[in-house]
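Visitor: With the input below, show me the fold.
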Amino acid sequence: MNNIRIISLCGLVFFFAFFLGLYVYHAQVWPYTHFKEFIAFILGDAEENISFKEKIKNDFNFKPSRHIKTAEEGSGRWLQFSKGFESENHRELEGLKLNPRREKPRIFLSEKAPEGYRLIQGTFDFDEVLHGAILLDPEGKVKRVWHLSQAGVDWEHQKDPNIFPHGLVIAPDGSLVFAFDEGTTLTKYDYCGNIVWRIKGLFHHSISFENENIIWVWKRRQYAWMDTAEILVKVDYNTGKILKEIPLVKVMEANPDIDIFGMMQNDTPEGSNWAETTSGFWHANDIEPLTKKFEPYYPNFKAGDLLVSLRTPNLIFVMDQKSLKVKWWRQGLTRRQHDPDWNSSKGTITIFNNNMHRGFSSIKEINPTTYEHRILLEGEKYDFYTWWRGKHQIMPTGGVLTTSSDQGRVFETDAKGNITFEFINTYKKNQEYLVVSEALFLPSSYFKALPQCE
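Guide: As a prediction, this is how the structure comes out:
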């Protein structure tokens, strides 16, 4: 009899816990948030190749393991750079207050490199915070450091070890706006590091100027189904006010004559449904407005048109931001690409081609009128491969500034393909590298009347 009572009691406890769990999950009441965070921690990011032990080290601030790539891991099976990138030409970068657990970054600056500033965003493991941006002067010395963090916000957010800097612009007055993947903020700092404005939202991947007063950034709607989650957002750079939001699904609906957005759908007699995917149906990762300055070089487009990158379907397209009509598109030229850019006076579009799991990464160039294309920078020559993230910039000399994120590396070439600048975010020499998200070259005349900071 006692056994029956015990079994009955256990059954009641089980059913009570089960239905209580269902209620907590659907009503999203306490302890739903903590449970969700715990499950997310156990499972990890679908694109994160890291052990449970390393997660513990990272989340308890013993070592920023989620932000470190090893030479072997970063190279994949195509590259052999296990000896590291450092050479006798590289020197240690001085002037940074770093956590003693890491080694100093290394830098190479050729006399033939174009004169200008270089802004680098990433995980640096400073003595006070994990993430930041550093501005190098034309001589390659540290001129300014920004500590980038979302600590202290009064809404739900992850701690800095679990967010990833991704998206950055800087204005001539030295102020900058940045975002984090997995973060909940879009923030503007002035040149001296003071917060100008900060808005709540799941902003991610990229930020671009349309003009000196307007920026575009991706935002993800929290808890939304994936086909309605991604939003193109227009923001006033001066005030942080959101001026316009364009759900990506609305762009899909505005273009029923071309089906470039439904690659990740399964079809049944009753209709089409989105397929299961760990990285999103679209994985939106860049918005690049065409500026008035470069409008004359693109006769088929007008200033304000948006060049958009969707990673999952290997798709880039140009859309009218008012009508949402797609004016041009190309699918399959690249694999899991990032950062398509209007390439100024050449009238071409350049693209960071990650070429995920297929070989070396590269920078490709396409003429949107003729569809002629070529490889502008071949990855094999530079042992260049990053399976996710990555940015590029066409230099005034005709070379390319490339951010190879997984290698913790930025390198700059001239028109002949010679490396004239290189930054290695070394954590442990020849073995481990901290991720770099983005680098920008800025001409010496870019900044106007920078303030004096204490």
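Visitor: Next, the contact list for residue 4, please.
Guide: Listed by CB atoms under 8 Å, 6 or more residues apart in numbering, residue 4 has no contact partners. Where C-beta positions appear, they are placed from N, C-alpha and C, glycine not excepted.
Visitor: Surely it forms part of a strand?
Guide: No. Judged by DSSP: H, G, I helix; E, B strand; the rest coil, residue 4 forms no part of a strand; its state is helix.
Visitor: Quick check: pLDDT value at it.
Guide: What the model reports as pLDDT for residue 4 is 71.
Visitor: State the distance from it to residue 335.
Guide: Going from residue 4 to residue 335 by CB to CB, to the nearest Å gives 62 Å.
Visitor: what's the answer for residue 323, then?
Guide: 30 Å.
Visitor: Looking at these two, which one has more neighbours?
Guide: More neighbours surround residue 335 than the other of residue 323 and residue 335, with 15 against 10 (other CB atoms under 10 Å).
Visitor: quick check, residue 250 in a helix?
Guide: Yes. Counting by three-state DSSP, residue 250 is found in a helix.
Visitor: can you pull the contacts of it?
Guide: residue 324.
Visitor: how near is it to residue 60?
Guide: Distance from residue 250 to residue 60, counting by CB to CB: 42 Å.
Visitor: just residue 146 next, same as before
Guide: 25 Å.
Visitor: Kindly report the same for residue 198.
Guide: Residue 198 is 27 Å from residue 60, by CB to CB.
Visitor: go on, residue 258?
Guide: From residue 258 to residue 60 the distance is 49 Å (CB to CB).
Visitor: Find the residue ranges of the stretch 301-450 of the chain scoring beneath the pLDDT cut-off.
Guide: For the stretch 301-450 of the chain, no stretch is flagged by pLDDT under 70.
Visitor: Could you pull out the strands in it for me?
Guide: Per DSSP state E, counting those that start in this stretch, the stretch 301-450 of the chain carries strands over the ranges 306-310, 315-319, 326-331, 338-342, 349-353, 362-366, 373-378, 391-394, 400-404, 409-413, 419-424, 426-428, 432-434, 436-443.
Visitor: which one of the ones you listed lies closest to residue 89?
Guide: Set against residue 89 and scored by CB to CB, the strands of the stretch 301-450 of the chain come closest in strand 419-424, at 8.2 Å.
Visitor: neighbouring strands for the closest one, and are they parallel or not?
Guide: strand 106-109 (antiparallel), strand 409-413 (antiparallel) (DSSP bridges).
Visitor: Mind putting those strands into a markdown table with distance to residue 373?
Guide: Output for these, formatted as a markdown table (distance: least, CB to CB, whole Å):
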| stretch | distance to residue 373 |
| --- | --- |
| strand 106-109 | 31 |
| strand 409-413 | 19 |
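Visitor: Please identify the deepest-packed of the ones you listed.
Guide: strand 409-413 (a mean of 25; mean count of other CB atoms under 10 Å).
Visitor: tell me which residues in stretch 297-304 are buried?
Guide: 298, 301, 304 (16 or more other CB atoms under 10 Å).
Visitor: Redo the residues you listed as JSON lines? Include distance to residue 312.
Guide: Listed next are those as JSON lines, based on distance: CB to CB, whole Å:
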{"residue": "298", "distance to residue 312": "26"}
{"residue": "301", "distance to residue 312": "25"}
{"residue": "304", "distance to residue 312": "26"}
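Visitor: circling back: tell me which of residue 198 and residue 60 has more neighbours.
Guide: residue 198 (15 against 9).
Visitor: Show me what the helix or strand encompassing the more buried one is packed up against.
Guide: Using DSSP states H and E, residue 198 falls within strand 195-200. Contact here means 3 or more CB pairs under 8 Å, 6 or more residues apart in numbering; DSSP states H and E; on that basis strand 195-200 packs against strand 185-189.
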